[in-house]
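Colleague: quick one: sequence plus predicted model below, questions after.
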Amino acid sequence: MNRTIILLTLLIIPLLFAACSSDDYPAPASVKEEPPASTGRIFLFGEMHGSARTMERQLEIWGDFYHNYGMRHLFIETSYFGAQFLNMWMQADDDTIIYQLFNDRRGTPSHVPYTLAFWRTIKTDFPETIFHGTDVGHQSSTTGRRFLRHLAENGLTESESYLRTRENMAQFSRFRAANNHDVRAFYKPLNFIREFDALLGQDVMAIHGMAHTSIGDFMEMEGVDSMASVLRERYGDQLIIVDMHDVYLIPEPHRVDTITVGDQEFSAIFFGRNDRPAGTVVDRKFWLIEDAYEHFRESSLTGQVLPYDNIPMDVKTGQVFVVDFHYADGSVERLYFRASGGYYWQFRPSVPEFTP
């Protein structure tokens with residue numbers, strides 16, 4: 001099995017390509033009008049997509065905002081039309097819509113059972129929630145076309161929803177044609193601002209990937225502002241950013257095992273499993289081998305890496321990790337990584353794989 005495919009399918013951020021000027025991606029007409037900035041607050045949470053632990057904590061936070069502070073608007077990293085379908089499902093008597101949306105996401109980090117559980121909990125426990133989608137029109141060929149068909153069947157081809165859906169799909173088309181995340185980084189904050197300013201002063205909670213919620217360049221693409229940077233410039237201290245990466249990390253080791261590498265036994269701290277299936281990998285288990293770095297310092301590298309944010313513990317230079325990859329066909333592959341420092345994949349600090 002190709003290890004490049006094995007490792008890279010686990011990464012939640014898509015491949016980056018050469019940047020191009022945002023002047024090539026004119027703002028939609030409805031955004032160019034520049035409405036007055038809302039006076040509400042934005043509680044922006046940066047997440048690891050598809051993590052059950054993170055979604056459980058998000059539900060707790062949303063419950064507090066919903067019941068104790070009267071919030072009703074939840075901004076999520078999905079398309080405009082995806083959010084509209086979610087709002088329709090919130091009023092529906094069955095789960096047809098939600099299963100269609102879930103199936104449309106096949107192959108993405110959010111196509112995990114926890115996503116369905118997350119949506120269902122919101123419908124049951126927080127039924128007045130209103131979803132807002134801020135991303136370009138992912139799943140245009142499935143979710144997007146189905147929403148346009150729904151609007152047409154109900155005589156709404158001249159409605160704002162129809163225009164917004166077509167516009168959102170065009171954003172995605174430009175993103176795919178340019179093969180460049182600069183396009184996506186350009187449109188996301190514009191979509192967010194339009195949705196937020198229309199609420200006229202209401203506070204909102206927003207959940208987006210961490211690449212969009214850090215102040216500075218988007219995914220370290222020089223000169224391309226992250227969504228959070230654009231929002232901070234417009235709203236200042238009204239924007240409150242919360243990094244949820246620590247929620248994903250498992251804070252305490254589970255147990256101490258003995259692992260044999262070659263002909264030598266090592267004490268290994270088991271830090272649990274990863275709860276984000278990806279590609280053919282259905283599970284991963286992680287161990288930290290104690291005091292083993294010097295033993296493996298000269299071991300040959302394979303050329304593959306695993307980003308820090310894939311490892312459910314606090315990574316420090318001088319550590320050695322054992323990771324068992326469990327595949328859909330029932331097979332298991334054990335790989336070894338050492339935290340040497342200075343290794344990156346798509347600007348993300350990473351641990352290189354070595355051959356013991």
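Modeller: Received the coordinates, thanks.
Colleague: what is the neighbour count of the residue nearest to V204 when sequence neighbours are not counted?
Modeller: Spatially, and ignoring its direct neighbours in sequence, V204 is nearest to H73 (4.4 Å; Cβ to Cβ, 6 or more residues apart in numbering). In this view, the C-beta of every residue, glycine as well, is placed from N, C-alpha and C. Neighbouring residues of H73 were enumerated by other Cβ atoms under 10 Å; the total is 19.
Colleague: surely H73 and G201 touch.
Modeller: No: using Cβ atoms under 8 Å, H73 makes no contact with G201, being 11.4 Å away.
Colleague: in the chain, which spans are strands?
Modeller: Using DSSP state E, the strands found in the chain span residues 42-47, 73-76, 130-133, 204-209, 239-243, 255-261, 264-274, 281-289, 301-307, 320-327, 332-338, 344-345, 348-354.
Colleague: parallel or antiparallel, which strands does the first one pair with?
Modeller: In other words, strand 42-47. strand 204-209 (parallel), strand 239-243 (parallel) (DSSP bridges).
Colleague: out of those, which one sits most buried?
Modeller: With neighbours taken as mean count of other Cβ atoms under 10 Å, those reach their highest mean count in strand 204-209, at a mean of 23.
Colleague: identify the residues contacting it?
Modeller: Contacts to strand 204-209, defined as Cβ atoms under 8 Å, 6 or more residues apart in numbering, come from residues 12-13, 40-49, 58, 61-62, 65, 71, 73-77, 132, 134, 192, 196, 227.
Colleague: and those residues, which are buried?
Modeller: Buried residues within the contacts of strand 204-209, defined by neighbour count using 16 or more other Cβ atoms under 10 Å: 12-13, 40-49, 58, 61-62, 65, 71, 73-77, 132, 134, 192, 196, 227.
Colleague: and the strands paired with strand 42-47 as JSON lines, adding mean pLDDT?
Modeller: Putting the strands paired with strand 42-47 into JSON lines (pLDDT from 0 to 100) gives the following:
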{"stretch": "strand 204-209", "mean pLDDT": "91"}
{"stretch": "strand 239-243", "mean pLDDT": "84"}
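Colleague: any chance you could map the helices in the chain?
Modeller: Ranges of helices in the chain, per DSSP state H, are 3-8, 29-32, 52-69, 80-90, 96-104, 113-125, 145-153, 160-178, 181-197, 210-213, 227-235, 245-248, 293-296.
Colleague: and the fifth one, how far from the chain's centre?
Modeller: Its chain's average C-alpha position is 19 Å from that of helix 96-104, according to Cα atoms, centre = their mean, to the nearest Å.
Colleague: thinking again about what came up before, list the contacts of the residue nearest to V204.
Modeller: Neighbour list for H73: 129-130, 132, 199, 202, 204-205 [criterion: Cβ under 8 Å, 6+ apart].
Colleague: please repeat the previous calculation with a cut-off of 7 Å.
Modeller: 130, 132, 199, 202, 204 (Cβ atoms under 7 Å, 6 or more residues apart in numbering).
Colleague: relative to D95, how far out is it?
Modeller: The gap separating H73 from D95 is 23 Å, by Cβ to Cβ, to the nearest Å.
Colleague: also D324?
Modeller: D324 is 35 Å from D95, where distance means Cβ to Cβ.
Colleague: with V315 instead?
Modeller: For V315, the distance to D95 - Cβ to Cβ - is 40 Å.
Colleague: and what of Y293?
Modeller: Taking Cβ to Cβ, one finds Y293 at 50 Å from D95.
Colleague: likewise for T302?
Modeller: Distance of T302 to D95, given as Cβ to Cβ: 44 Å.
Colleague: and L288, by the same measure?
Modeller: 41 Å.
Colleague: these two: who's more crowded?
Modeller: Set L288 next to D95 and count neighbours by other Cβ under 10 Å: L288 wins out with 21 against 15.
Colleague: beta partners for that one?
Modeller: Taking DSSP bridges as the rule, L288 bridges to I269, F321.
Colleague: who's in contact with it?
Modeller: 268-269, 271, 313, 319, 321.
Colleague: give the burial count for the residue nearest to A339 when sequence neighbours are not counted, as a bare number.
Modeller: Leaving aside its chain neighbours, A339 sits nearest to Q319 (4.4 Å; criterion: Cβ to Cβ, 6+ apart). Q319 sits with 20 neighbouring residues when counted by other Cβ under 10 Å.
Colleague: cool, and G330?
Modeller: Taking other Cβ under 10 Å as the neighbour definition, G330 ends up with a count of 7.
Colleague: next one: the one 5 residues further on
Modeller: As a burial measure, the neighbour count of L335 was computed by other Cβ under 10 Å and equals 20.
Colleague: among the contacts of H73, which two are most distant?
Modeller: H132 and Q202 (11.1 Å; Cβ to Cβ).
Colleague: and the pLDDT at R234?
Modeller: The per-residue pLDDT reported for R234 equals 92.
Colleague: contacts only, for it.
Modeller: Neighbour list for R234: 37, 193 [criterion: Cβ under 7 Å, 6+ apart].
Colleague: mind redoing it with 6 Å?
Modeller: By Cβ atoms under 6 Å, 6 or more residues apart in numbering, the residues touching R234 are A37.
Colleague: check which residues of stretch 141-155 are buried.
Modeller: Going by neighbour count (16+ other Cβ under 10 Å), the buried part of stretch 141-155 is 143-144, 146-148, 150-151.
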